[in-house]
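Participant: what's the 3D shape of this:
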Amino acid sequence: MEKPTLTTVEGLRLALEELGLNSKGLKPELKQRYRKAVKKQKSSLPPPPPKEQQNEDKSAQPFDYYLFFDVEATCIEGGGFKYDNEIIEFPVDEFRSYVKPTINPTLSEFCINLTGIQQSTIDQSPTFIEVLNQLQEFLARYDLFQSASASFVTDGPFDIRDFITKQCKHSKIKKRPAYFDIPWVNIRKLFKDFYGLKENKNINGMLNHLQMQFKGREHSGLDDARNLAAIGKHMHEEGCIFKTNCKFNRNKRL
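Facilitator: From the prediction side, this is the model:
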């Protein structure tokens, strides 16, 4: 529908009728009535945000998707990173698979108590290569790292820098998947910088700082990832911009 022409009496009358106003009278009277109505309408609208805020809103978050990522791996008490950790739980957002280890296929009692993952579960699980194939199907479903931009979000650098590197070596994968080689978000560091803290905090430390509680079972990869997502949501609502701050150094050996 074309807008009424405001240079004619008929056009002014149509415009006033659209506003639900009296359309009777001569042209000067109609014009004045219309101008007052428009002025009143504009004054009732909220003011536009400042230019700085408009620019910030347009670039509020640099990625379309954020994948909160936390793996669980084989371990022994006191083993640290020198132990041949193998991934046994691989969650990304709501994608999760348990993983069958091949170097040390029997879980230690310490590992079972820490993660809650049972030996029977691991024995029936797919290998890491099979899980990677499932993950890539999950990523393709949402065009992640393709037409849709995405970034992993991890609790520290360890999951992608250390555990993925070790597991690729154990599984004889010569070239890491490309999406694990691009920079990602270390939420521990981002949290420290955003809130002006002196030291990094772990998941429980971040939750305590925000007066939130851990939901689920600690050291369950999926529950850890869900709690990281809750922390990230809170930070986003307080104005935090999730830019990448961690990258993989291919030349550094574990």
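
Participant: can we go C-alpha only for contacts and neighbour counts from here?
Facilitator: Noted.

Participant: Tell me where the model's unsure across the stretch 151-254 of the chain.
Facilitator: Counting by pLDDT under 70, the low-confidence segments of the stretch 151-254 of the chain come to 251-254.

Participant: element containing Ile164, please.
Facilitator: Using DSSP states H and E, Ile164 falls within helix 164-170.

Participant: can you give me the offset of the following helix or strand past that helix from its chain's centre?
Facilitator: Note on helix 164-170: by DSSP H and E, the next helix or strand toward the C-terminus is strand 185-186. Strand 185-186 has its C-alpha centroid displaced from the chain centroid by 10 Å (CA atoms, centre = their mean, to the nearest Å).

Participant: likewise stretch 150-167?
Facilitator: Its chain's C-alpha centre and that of stretch 150-167 lie 15 Å apart, by CA atoms, centre = their mean.

Participant: first vs last residue of it, how far apart are they?
Facilitator: In stretch 150-167, first residue to last residue: 22 Å (CA to CA, to the nearest Å).

Participant: picking that back up, the helix holding Ile164: which residues count as buried?
Facilitator: Buried residues in helix 164-170, counted by 16 or more other CA atoms under 10 Å: 164-168, 170.

Participant: quick one, what contacts Gln124?
Facilitator: Counting by CA atoms under 8 Å, 6 or more residues apart in numbering, Gln124 makes contact with Lys100.

Participant: Equivalent analysis for Ile164, please.
Facilitator: Counting by CA under 8 Å, 6+ apart, Ile164 touches Ile87.

Participant: ok, residues contacting stretch 209-222?
Facilitator: 69-72, 89-94, 96, 114-116, 204, 207, 223-224, 227.

Participant: how about a cut-off of 6 Å?
Facilitator: For stretch 209-222, contacts defined as CA atoms under 6 Å, 6 or more residues apart in numbering pick out 70-72, 91, 115, 207, 223.

Participant: Which residue ranges of the protein form helices?
Facilitator: Under the criterion DSSP state H, the chain carries helices at the ranges 9-18, 27-43, 51-58, 109-115, 119-123, 128-141, 158, 164-170, 187-195, 203-209, 221-237.

Participant: want to throw the ones you listed into JSON lines with distance to Ile103?
Facilitator: Listed next are the helices of the chain as JSON lines, based on distance: least, CA to CA, whole Å:
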{"stretch": "helix 9-18", "distance to Ile103": "77"}
{"stretch": "helix 27-43", "distance to Ile103": "71"}
{"stretch": "helix 51-58", "distance to Ile103": "49"}
{"stretch": "helix 109-115", "distance to Ile103": "15"}
{"stretch": "helix 119-123", "distance to Ile103": "13"}
{"stretch": "helix 128-141", "distance to Ile103": "12"}
{"stretch": "helix 158", "distance to Ile103": "20"}
{"stretch": "helix 164-170", "distance to Ile103": "8"}
{"stretch": "helix 187-195", "distance to Ile103": "31"}
{"stretch": "helix 203-209", "distance to Ile103": "29"}
{"stretch": "helix 221-237", "distance to Ile103": "21"}
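
Participant: still on that earlier bit, please tell me how far the helix holding Ile164 is from the chain's geometric centre.
Facilitator: Computed by CA atoms, centre = their mean, the chain-centroid distance of helix 164-170 equals 25 Å.

Participant: picking up where we left off before, between the helices of the chain, which gets nearest to Glu77?
Facilitator: helix 109-115 (6.0 Å; CA to CA).
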